[in-house]
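A.B. asks: task: produce atomic coordinates for the following.
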Amino acid sequence: MKNHIISSFILLVTLVGCDKVEMPIPAPDVISVNDSITFPSVDSANLNRAFKKTYVEEFTGHKCTTCPANTELLLAQYELNKDRMIVVAIHAGNFAEVDDFGGYPTDYNTPYGTLLFQNYTNASTPIPSAMINRREFDNFNNLQLFNNATTFWTNPINFENSNTSALIALGIEADYIDSLGIFYIQASAEAIADLSGNYRLLLLCAEDSVVSEQLDSRADETIYPKKIITDYTHRHVLRGEINPDQSLAGDPFINGGAEAGEWIDYQLNAELPSNVLDIEKTSIVALIVDEASGEVIQSEETHVHVVE
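C.D. replies: Okay, the predicted model is just below:
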């Protein structure tokens, strides 16, 4: 069995640009590595080798009047398939704009979310929309972006949940060192089949159950004026990318393929995004992305373990 180790520490950085859009993503702040702290370990016995998980990126916004109903349908699928699904809500576009005077003071936008939105949508794209493993479905009109949960999201999600075997197994563990304000993250993967080509590892930070305002066409205006629910619970909110490479697909992970049984380790320390409100509700999502197609071939999520 081959064993590769990739260590990636965030050091002094300024800005890293992106070729596709004019807006660069700010790179993470300076971190001094503490050599006395060890990275968490991934237990190979617990890796999912049986199936590819279904990763859903939901484009949404607090000014989107139909988003809550669609989100409920997505979450219903998630609750039935927690072992197979990972959901991240990406607030971006016009419906995610902050409006202090209009009743929407909370900012859920992130540089990564905006970049993703700009690369996969256009001015005519309806919101809410969702991507499923960032792949095109030839059995669903070659669509990659689905814009209505009631007619489009359900079937491709069910298809992915029931019809995909794993090419690679992925494990992720994340410790948050409270005294330093730093994540120590270990990602480990094992090739289930021979792989060709290059693959990248993308690490995202998400926070669950964040309460703030949300427009909802179904709201009772006698309780919520202008149908703005002021105590709406936002689920699985993207808080940012934490890779030092700061690209849509993350950092180089497998170069030139891998043999079945090959093991790849990746270590990273990174600062907690400043927009996180509650570390206890925070998770790290790891994605292995095919560099050629952009498809997510495996995903995994872990809740952050807080170390005092």
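
A.B. asks: can we go C-alpha only for contacts and neighbour counts from here?
C.D. replies: Fine.

A.B. asks: the protein: helices as residue ranges?
C.D. replies: Using DSSP state H, the helices of the chain run over 67-80, 111-120, 154-163.

A.B. asks: neighbours of the nearest residue to M85 once chain neighbours are set aside, how many?
C.D. replies: Of all residues not flanking M85 in the chain, T54 sits nearest, at 4.7 Å (C-alpha to C-alpha, 6 or more residues apart in numbering). Applying other C-alpha atoms under 10 Å, we find 30 residues neighbouring T54.

A.B. asks: residues in contact with T54?
C.D. replies: Neighbouring residues of T54 by C-alpha atoms under 8 Å, 6 or more residues apart in numbering: 84-86, 132-133, 157, 160-161, 299.

A.B. asks: by neighbours, which of those wins?
C.D. replies: In the contacts of T54, the most neighbours by other C-alpha under 10 Å go to S299, 26 neighbours.

A.B. asks: related to what we said a few turns ago, redo the helices of the chain as CSV? Include mean pLDDT and distance to E241.
C.D. replies: Compiled in CSV, these are given as follows (pLDDT from 0 to 100; distance: least, C-alpha to C-alpha, whole Å):
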stretch, mean pLDDT, distance to E241
helix 67-80, 94, 22
helix 111-120, 94, 6
helix 154-163, 90, 24
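
A.B. asks: need those helices in CSV with distance to F140, can you?
C.D. replies: Formatted as CSV, these follow (distance: least, C-alpha to C-alpha, whole Å):
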stretch, distance to F140
helix 67-80, 18
helix 111-120, 17
helix 154-163, 7
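
A.B. asks: what bridges to T302?
C.D. replies: Taking DSSP bridges, one finds I284 as the beta-bridge partners of T302.

A.B. asks: ditto for the one 4 residues further on
C.D. replies: With DSSP bridges applied, V306 shows beta-bridge pairing to Y176.

A.B. asks: quick check, it in contact with S179.
C.D. replies: No. Using C-alpha atoms under 8 Å, V306 is not in contact with S179; the gap is 10.0 Å.

A.B. asks: and these two? Which one has more around it.
C.D. replies: Using other C-alpha under 10 Å as the criterion, V306 and S179 rank with V306 on top: 13 against 8.

A.B. asks: what is the least confident helix or strand in the protein?
C.D. replies: For the chain, using mean pLDDT, DSSP states H and E, the weakest element among its helices and strands is strand 15-16, scoring a mean of 28.

A.B. asks: quick one: low-confidence parts of the stretch 101-250 of the chain?
C.D. replies: For the stretch 101-250 of the chain, applying pLDDT under 70 flags no range at all.

A.B. asks: strands along that one, start to end?
C.D. replies: For the stretch 101-250 of the chain, the strands defined by DSSP state E, counting those that start in this stretch cover 129-132, 145-146, 168-177, 182-191, 199-207, 210-215, 228-234, 237-241.
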